[in-house]
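A.B. asks: need coordinates for the below:
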Amino acid sequence: MPFTDLLARPESFAWHQQLARLLRGAAASDFPLALEHCLRDLVAYDTILINAYRGRRRPLLIHDDYPEAQREQGIERYLSEAYLLDPFFTAVSDGLDHGAHRLRELAPDRFESSDYYHHYYRALGLHDEVGLFARVDSDEVIAVSLGFGADAPPLTRRSMQALRHLAPLIEALLAEYWKWQGGQFQQRLDEREPVEAAFASFGREALTAREQEIVRLLLAGHSTKSVARTLEISDGTVKVHRKHIYQRLAVSSQSQLFRLFLDHVALVSRQRSR
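C.D. replies: Residues are numbered from 1 along each chain as shown. Below is the predicted model:
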């Protein structure tokens with residue numbers, strides 16, 4: 001279809017009016033809410049989270065629409081501990097800073113079998129998620145996470161393609177928003193202590209550096225084969241390391257390892273807040 005035909009369609013006029021309102025309001029403090037409404041007209045998502053990321057520090061919440069009953073699970077738990085195992089957080093830490101990406105594109109191969117998925121993600125009632133990423137400064141990336149509930153219609157290929165096409169405009173708008181409003185968040189970002197120290201210190205007295213690497217990958221949802229591929233070692237070597245990890249940490253399952261890690265994160269957080 002010729003581009004002029006697309007612009008001439010009646011529904012195109014209403015959509016471009018929406019975009020014009022977004023452009024006019026990009027510098028305003030309530031831009032995240034306007035973006036929420038615009039995206040909801042485009043895609044039938046259930047929840048939205050907009051977080052600012054700086055390196056591996058704790059994410060800073062910019063905007064969300066979570067109901068009060070879900071805030072402890074969806075917001076507080078994520079920002080206090082769960083973010084460390086979030087595929088979106090890992091992707092940003094590894095350099096992802098633009099585009100629209102589906103969770104399954106970024107998650108490890110055994111993500112849906114991981115304890116993070118069962119104890120945090122599935123508990124939110126989500127079955128899918130899309131992230132819109134934008135580098136808004138040299139040190140900061142904003143991620144707009146759209147969550148799709150288990151009872152919602154599945155995200156279609158057409159809807160995903162629409163988000164991909166819209167992503168460059170969203171990136172430009174978020175950069176403009178941050179230019180004018182980012183100052184109010186800078187001090188809070190500076191104060192965000194990285195709980196990355198929890199990973200660095202978890203099992204440090206009992207595990208080797210290589211075993212700590214393997215723990216991190218296993219907790220994030222990597223299979224034995226994926227860990228072996230990532231670390232360029234054999235499957236058998238990973239299995240031997242995992243056996244030693246369980247013995248040295250006195251656990252007998254992945255679930256026990258996960259709970260032990262969360263307890264350690266909580267301890268590190270308490271110590272840093274004193």
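A.B. asks: roughly how far does the nearest residue to Ser234 once chain neighbours are set aside sit from Leu219?
C.D. replies: If the residues on either side of it in the chain are set aside, Ser234 comes closest to Ala228, at 5.9 Å by CB to CB, 6 or more residues apart in numbering. The way it works is simple: take the backbone N, C-alpha and C, and place the C-beta from them, glycine included. Plainly put, Ala228 is 16 Å away from Leu219 if you go by CB to CB, to the nearest Å.
A.B. asks: just Arg102 next, same as before
C.D. replies: With CB to CB as the criterion, Arg102 and Leu219 are 22 Å apart.
A.B. asks: more neighbours: these two, which one.
C.D. replies: Of the pair Arg102 and Leu219, Leu219 is the one with more neighbours under other CB atoms under 10 Å, namely 21 against 16.
A.B. asks: run through the residues that contact the residue nearest to Arg135 when sequence neighbours are not counted.
C.D. replies: Leaving aside its sequence neighbours, Arg135 sits nearest to Asp97 (CB to CB, 6+ apart; 3.8 Å). Counting by CB atoms under 8 Å, 6 or more residues apart in numbering, Asp97 makes contact with Phe133, Ala134, Arg135, Val141.
A.B. asks: what about 10 Å?
C.D. replies: Tyr53, Ala91, Phe133, Ala134, Arg135, Val136, Glu140, Val141, Ile142, Ala143, Glu171 (CB atoms under 10 Å, 6 or more residues apart in numbering).
A.B. asks: may I have the phi/psi pair for it?
C.D. replies: Per-residue torsions, Asp97: phi -150, psi 20 (degrees, to the nearest 10).
A.B. asks: any idea of the pLDDT on it?
C.D. replies: At Asp97, the pLDDT value in this model is 97.
A.B. asks: same question for Arg274.
C.D. replies: Arg274 carries a pLDDT score of 62 in this model.
A.B. asks: ok, Gly55 next?
C.D. replies: pLDDT, Gly55: 87.
A.B. asks: so where is the stretch 101-250 of the chain shaky, pLDDT-wise?
C.D. replies: 193-194 (pLDDT under 70).
A.B. asks: quick one, helices of it?
C.D. replies: For the stretch 101-250 of the chain, the helices defined by DSSP state H, counting those that start in this stretch occupy 103-106, 115-116, 157-181, 183-191, 196-201, 209-220, 224-231, 235-249.
A.B. asks: so which of those helices gets nearest Phe258?
C.D. replies: Closest of the helices of the stretch 101-250 of the chain to Phe258 is helix 115-116, at 3.6 Å (criterion: CB to CB).
A.B. asks: contacts for that closest one, please.
C.D. replies: Here helix 115-116 has contacts from 81-82, 84-87, 107-108, 122, 218-221, 253-259, 261-262, using CB under 10 Å, 6+ apart.
A.B. asks: any idea which residue is closest to the centre of this structure?
C.D. replies: Phe88 (3.1 Å; CA atoms, centre = their mean).
A.B. asks: so who does it touch?
C.D. replies: Applying CB under 10 Å, 6+ apart, the residues near Phe88 are 49, 51, 53, 59, 96, 101, 103, 106-107, 129-131, 133, 143, 145.
A.B. asks: buried ones in the helix or strand where it lies?
C.D. replies: Assessed by DSSP states H and E, Phe88 sits inside helix 87-93. By 16 or more other CB atoms under 10 Å, the buried positions in helix 87-93 come out as Pro87, Phe88, Phe89, Thr90, Ala91, Val92, Ser93.
A.B. asks: find the nearest non-adjacent residue to the fourth one, please.
C.D. replies: With CB to CB, 6+ apart as the measure, Ala220 is the residue that lies nearest to Thr90, at 6.7 Å, once sequence neighbours are left out.
A.B. asks: where's that neighbour relative to Gln187, distance?
C.D. replies: Distance of Ala220 to Gln187, given as CB to CB: 31 Å.
A.B. asks: by neighbours, which of the contacts of Asp97 wins?
C.D. replies: Most neighbours among the contacts of Asp97, by other CB under 10 Å: Ile142, with 28 neighbours.
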